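*Asks:* Make a model of this:
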Amino acid sequence: MEQNFEDMSRKAQYKLLWDEYLGKREGAKKLMEWMEEAGFFESPASTKYHGSYPGGLCQHSLNVAFNALDLCSLPAFEGVSRNEAVTAALLHDLCKVGCYWLDDNRRYHYTEAWGLGHGTGSVTLAQRYMKLTDAEQVAIRWHMGMYGDADKAGELASAYKKCPLAMLLHHADMMATYYCDGKKGMGLV
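*Replies:* Below you'll find the predicted structure:
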């Protein structure tokens, strides 16, 4: 008997999207193994805002992927590959794995573990196992938009002009953060 997607666990939903959109790529299996070992599926997405609970990072990534698929249907993003959009969405916050810890009051805290920055860290971690397309790299690098590095506004504008996937991923992430992930707030860590 086939299980309804909505009735599946977050992890099962994530892996189903993974298999459909990027599971056949060279290195994808090794990347997934690392993600499982490193605690991706148990990690929160933030300290106290969106997805600040065990498994929140997985849920947030799923929400971003669903938003990205929806945005792909808009005329502004008609040339964006659905495979690249889902890949970028599922991997955009990979750098958050292993960066959260609970204090004695059961509050999450964040320590940047990789020293690579947010977007660049996610690209670097993913590419240790699996090659990303140029568009995926640009999108993940700039998914934070102006929240990521306000001093780089010119580079961000250039990335958005050259790579529609970058703009799409940023919007999908903001939609998930503020409208899909439950707790709303201005914090993005």
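*Asks:* okay, CA-based contacts and neighbour counts for the rest of this
*Replies:* Will do.
*Asks:* what's near enough to touch residue 140?
*Replies:* By C-alpha atoms under 8 Å, 6 or more residues apart in numbering, the contact set of residue 140 is 88, 89, 91, 92, 119, 120, 122, 123, 166, 169.
*Asks:* so of these, which ones are in helices?
*Replies:* 88, 89, 91, 119, 120, 122, 123, 166, 169 (DSSP state H).
*Asks:* Now the second one. Nearest residue, chain neighbours left out?
*Replies:* Computed as C-alpha to C-alpha, 6 or more residues apart in numbering, the closest residue to residue 89 that is not its neighbour in sequence is residue 65, at 4.9 Å.
*Asks:* part of a helix, is the one you found?
*Replies:* Yes. Under DSSP: H, G, I helix; E, B strand; the rest coil, residue 65 sits within a helix.
*Asks:* where do the strands sit along the protein?
*Replies:* With DSSP state E as the criterion, the chain has strands at 100-102, 108-110.
*Asks:* These: which one's closest to residue 180?
*Replies:* Comparison of the strands of the chain against residue 180 by C-alpha to C-alpha identifies strand 108-110 as nearest, at 20.1 Å.
*Asks:* which residues sit in contact with the residue nearest the centre of the chain?
*Replies:* Compute the mean C-alpha point of the chain, and by C-alpha atoms, centre = their mean the closest residue is residue 92, 3.0 Å away. Going by C-alpha under 8 Å, 6+ apart, residue 92 touches 61, 119, 122, 123, 140, 143.
*Asks:* Just the buried ones from those residues, in ChimeraX syntax?
*Replies:* Entered in ChimeraX, the line below selects the buried ones among the contacts of residue 92, by 16 or more other C-alpha atoms under 10 Å:
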select :61,119,122,123,140,143
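*Asks:* now for the contacts of residue 92, which pair is the farthest apart?
*Replies:* 61 and 123 (14.8 Å).
*Asks:* which other helices and strands contact the helix or strand of the chain at the bottom of the mean pLDDT ranking?
*Replies:* Averaged element by element with mean pLDDT, DSSP states H and E, the chain has its least confident helix or strand at helix 153-162 (a mean of 84). Contacts defined by 3 or more C-alpha pairs under 8 Å, 6 or more residues apart in numbering; DSSP states H and E place helix 153-162 against helix 164-175.
*Asks:* Lovely, talk soon.
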